[in-house]
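[1] Kindly generate the corresponding structure for this input.
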Amino acid sequence: DQLNDESGAIEAYRRLLELEPEDRRAQEQLKKRYVAAHAWDELEAFYAATGKYDELIRTLERVADAKDSELEARIALLFRVARLWETKLNAADRAARAYEKVLTLDASNLQAAEALTPIYEQAGDAKKLAGAYEIRLANNEDSDERLIMLREVALLYEEKLRNPAQAFDKFLEAFALDPSRDVLREDLERLAAKTKGLDRLFVAYAKAIDDAAHPDDAHALRLSYGRILSEAGRFEDAIAQYSAVWDDRVDDPAAIEALEELYRRTENHAELLRVLLRRSEIESNVNVRKQLAYSVAALYRDQLRDAERAIDAYRNIPLDFGDGEIEAYRCLEALYEQERRWEDLAKVVDHRIDLGPSSDEELAALRFRMAELLRLHLKDRERALSLYWEVLTVMPEHDGALQALEGMLSDPELGGKAASTLTDLNVAVNK
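    Here you go, the predicted structure:
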């Protein structure tokens with residue numbers, strides 16, 4: 001003491017305790033000297049010999065609480081206290097208090113936040129855990145690590161703390177780091193509606209598309225963005241996104257199908273036709289191509305009011321997919337009748353008769369229609385009479401054919417033949 005030699009005094013008391021281990025005065029003096037010298041390792045070793053960690057911790061805490069001590073030294077002591085609580089006394093909650101004291105001295109201390117994270121997770125303290133994540137995020141510039149932490153803290157805000165607005169902010173920040181991740185897109189869509197944050201989501205997508213390093217990345221983002229815009233009722237904006245993909249990749253099936261749906265909803269028939277025609281060119285499935293062919297023909301007929309193109313489209317369907325496409329023939333018949341193209345109509349009906357209808361009723365109906373065309377429009381009453389006879393041989397009570405024959409009885413040229421036909425029919429029926 002008189003020489004003011006602290007290290008010498010420590011050494012003297014250590015030797016004294018080697019000779020007299022139970023000397024209380026020497027023990028107290030040695031502890032006091034260790035504290036004065038900030039010889040914390042030696043002080044810990046001294047207490048370790050007796051296992052009196054509680055007393056050691058109290059000593060360290062008193063020094064750490066002294067406001068006249070240097071900040072770094074106080075923080076270091078608190079970390080030592082936390083370690084002792086965890087490793088020597090198995091008291092994670094008491095360790096957490098020490099780490100929390102560190103944060104009162106240094107609110108952005110990364111080491112404390114990292115140490116607190118597993119403790120809060122184990123304790124299920126979502127609020128404090130979120131705070132620890134925030135500190136870690138503020139200290140971390142690694143994109144991959146930030147991405148993981150941002151989503152973890154966002155889920156905490158959403159699921160545990162019931163704070164969708166805060167969660168949405170974190171998901172947006174994560175999306176900005178890696179907009180290619182499907183899970184982040186799903187997270188944002190889920191919360192955008194809850195937080196009325198669609199406009200912010202739109203801005204985030206627009207920026208991500210502008211910043212995309214590769215066209216494929218931009219296309220994937222546009223497809224997602226277009227779907228979100230469409231679901232929000234912003235059809236023209238959605239069309240712009242899908243069109244940008246289609247302009248660059250003319251065979252992109254997702255963009256084409258989406259545009260087809262949007263053009264139908266917005267009744268943009270000219271653009272819908274363009275999409276359907278392109279789909280037809282690239283589609284490999286025969287049944288799908290056939291359905292597309294019918295859709296194109298119907299679009300010409302019903303929306304674009306272009307009978308000529310509709311006729312061409314329906315005529316091509318049996319050529320491409322076989323004579324079994326009766327619906328195409330029926331549509332052609334209706335169009336030819338609408339356009340008063342009687343000869344063309346007669347050719348279609350005649351062809352359907354040649355194909356062999358599936359029932360007597362259908363055969364009779366086709367022959368009757370052909371007979372009516374010949375009688376009323378094509379001036380071939382003689383052949384019409386023969387066809388009426390053929391109808392009645394299949395269906396003797398066919399009112400239309402009977403009335404037509406009866407009407408021909410007064411015909412100067414065919415009246416006799418009509419009468420003979422009716423007589424033969426009556427004889428056949430009576431037999």
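[2] element containing the residue lying closest to P179 once chain neighbours are set aside, please.
    Taking Cβ to Cβ, 6 or more residues apart in numbering as the measure, P179 lies nearest to A208, with 3.8 Å between them; neighbours along the chain are not counted. Heads up, the C-betas are built off the backbone N, CA and C, glycines and all. Per DSSP states H and E: A208 is located in helix 198-211.
[3] now do E186
    Since the elements are taken from DSSP H and E, E186 ends up inside helix 182-195.
[4] who does that helix touch, helix- and strand-wise?
    helix 143-155, helix 164-177, helix 198-211, helix 215-231 (3 or more Cβ pairs under 8 Å, 6 or more residues apart in numbering; DSSP states H and E).
[5] Which stretches in the stretch 201-350 of the chain count as helices?
    Per DSSP state H, counting those that start in this stretch, the stretch 201-350 of the chain carries helices over the ranges 215-231, 235-248, 253-266, 269-282, 286-298, 307-321, 326-338, 342-355.
[6] Turn these into a markdown table, including mean neighbour count.
    Output for the helices of the stretch 201-350 of the chain, formatted as a markdown table (neighbours: other Cβ atoms under 10 Å):
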| stretch | mean neighbour count |
| --- | --- |
| helix 215-231 | 19 |
| helix 235-248 | 19 |
| helix 253-266 | 18 |
| helix 269-282 | 17 |
| helix 286-298 | 17 |
| helix 307-321 | 17 |
| helix 326-338 | 18 |
| helix 342-355 | 17 |
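[7] Could you say which one of those comes nearest to R162?
    Among the helices of the stretch 201-350 of the chain, helix 215-231 comes nearest to R162, with 24.4 Å by Cβ to Cβ.
[8] per-residue confidence averaged over the closest one?
    Model confidence over helix 215-231, given as mean pLDDT, is 96.
[9] same thing with stretch 252-264?
    95.
[10] so how far is it from its chain's centroid?
    Going by Cα atoms, centre = their mean, to the nearest Å, the spacing between the C-alpha centre of stretch 252-264 and its chain's C-alpha centre is 15 Å.
[11] Surely L355 touches P318?
    No - the pair L355 / P318 is not scored as a contact, 9.6 Å apart, by Cβ atoms under 8 Å.
[12] Contacts for stretch 401-410 next, please.
    Where contact means Cβ atoms under 8 Å, 6 or more residues apart in numbering, the residues beyond stretch 401-410 that reach it are 368, 371-372, 375, 381, 384-385, 388-389, 391-392, 395, 414-415, 418-419, 421-422.
[13] in the stretch 201-350 of the chain, what spans have low per-residue confidence?
    Scanning the stretch 201-350 of the chain for pLDDT under 70 picks out nothing.
[14] about what we covered before: what sits up against the helix holding E186?
    If you take Cβ under 8 Å, 6+ apart as the criterion, helix 182-195 is touched by 151, 154, 158, 164-165, 167-168, 171-172, 174-175, 178-179, 197-198, 200-201, 204, 224, 228.
[15] Just the buried subset of those, written out for PyMOL, thanks.
    Of these, the buried ones go into a single PyMOL selection, burial set by 16 or more other Cβ atoms under 10 Å:
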select buried, resi 151+154+158+164+167+168+171+172+174+175+179+197+198+201+204+224+228
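[16] Just give me the neighbour total for the nearest residue to R83 once chain neighbours are set aside.
    Among residues not flanking R83 along the chain, A95 sits closest, at 7.5 Å (Cβ to Cβ, 6+ apart). Using other Cβ atoms under 10 Å, the number of residues around A95 comes to 22.
[17] Quick check, A95 in contact with Q122.
    No - with contact defined as Cβ under 8 Å, A95 and Q122 do not form a contacting pair (11.4 Å).
[18] gap between the residue nearest to P179 and Y157?
    Computed with Cβ to Cβ, to the nearest Å, the distance linking A208 and Y157 is 22 Å.
[19] Identify the residues contacting K127.
    K127 sits next to L161 when contact means Cβ under 8 Å, 6+ apart.
[20] what helix or strand does it sit in?
    K127 is part of helix 126-138 when elements are defined by DSSP H and E.
[21] okay, the angle between that helix and helix 143-155?
    With axes from the mean of the first three to the mean of the last three Cα atoms, to 10 degrees applied, the angle from helix 126-138 to helix 143-155 works out at 160 degrees.
[22] Quick one: mean pLDDT over helix 126-138.
    Helix 126-138 comes out with an average pLDDT of 97.
[23] Quick check: buried residues in it?
    In terms of neighbour count (16+ other Cβ under 10 Å), helix 126-138 has its buried residues at A126, K128, L129, A130, G131, A132, Y133, I135, R136, L137.
[24] Among those residues, which one lies nearest to E55?
    Taking Cβ to Cβ as the measure, E55 lies nearest K128 of the buried residues of helix 126-138, at 28.9 Å.
[25] Now that closest one. Nearest residue, chain neighbours left out?
    Closest to K128 by Cβ to Cβ, 6+ apart is Y120, at 4.8 Å.
[26] got the CA positions of the helix holding E186 in PDB?
    Backbone C-alpha positions of helix 182-195 (Å, rounded to 0.1, in the frame of the first residue of the first chain) are rendered in PDB as follows:
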ATOM      1  CA  ASP A 182     -42.300 -16.600 -54.800                       C
ATOM      2  CA  VAL A 183     -42.800 -16.800 -51.000                       C
ATOM      3  CA  LEU A 184     -42.200 -13.000 -50.700                       C
ATOM      4  CA  ARG A 185     -44.600 -12.300 -53.500                       C
ATOM      5  CA  GLU A 186     -47.200 -14.400 -51.700                       C
ATOM      6  CA  ASP A 187     -46.400 -12.600 -48.400                       C
ATOM      7  CA  LEU A 188     -46.900  -9.200 -50.000                       C
ATOM      8  CA  GLU A 189     -50.200 -10.100 -51.700                       C
ATOM      9  CA  ARG A 190     -51.500 -11.500 -48.500                       C
ATOM     10  CA  LEU A 191     -50.900  -8.400 -46.500                       C
ATOM     11  CA  ALA A 192     -51.500  -5.800 -49.200                       C
ATOM     12  CA  ALA A 193     -55.300  -6.200 -48.900                       C
ATOM     13  CA  LYS A 194     -55.100  -6.100 -45.100                       C
ATOM     14  CA  THR A 195     -53.100  -2.900 -45.000                       C
END
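[27] For that helix, what is the distance to the chain centroid?
    That offset, for helix 182-195, works out to 10 Å (Cα atoms, centre = their mean).
[28] Assign E406 to helix, strand or coil.
    Under DSSP: H, G, I helix; E, B strand; the rest coil, the three-state class of E406 is helix.
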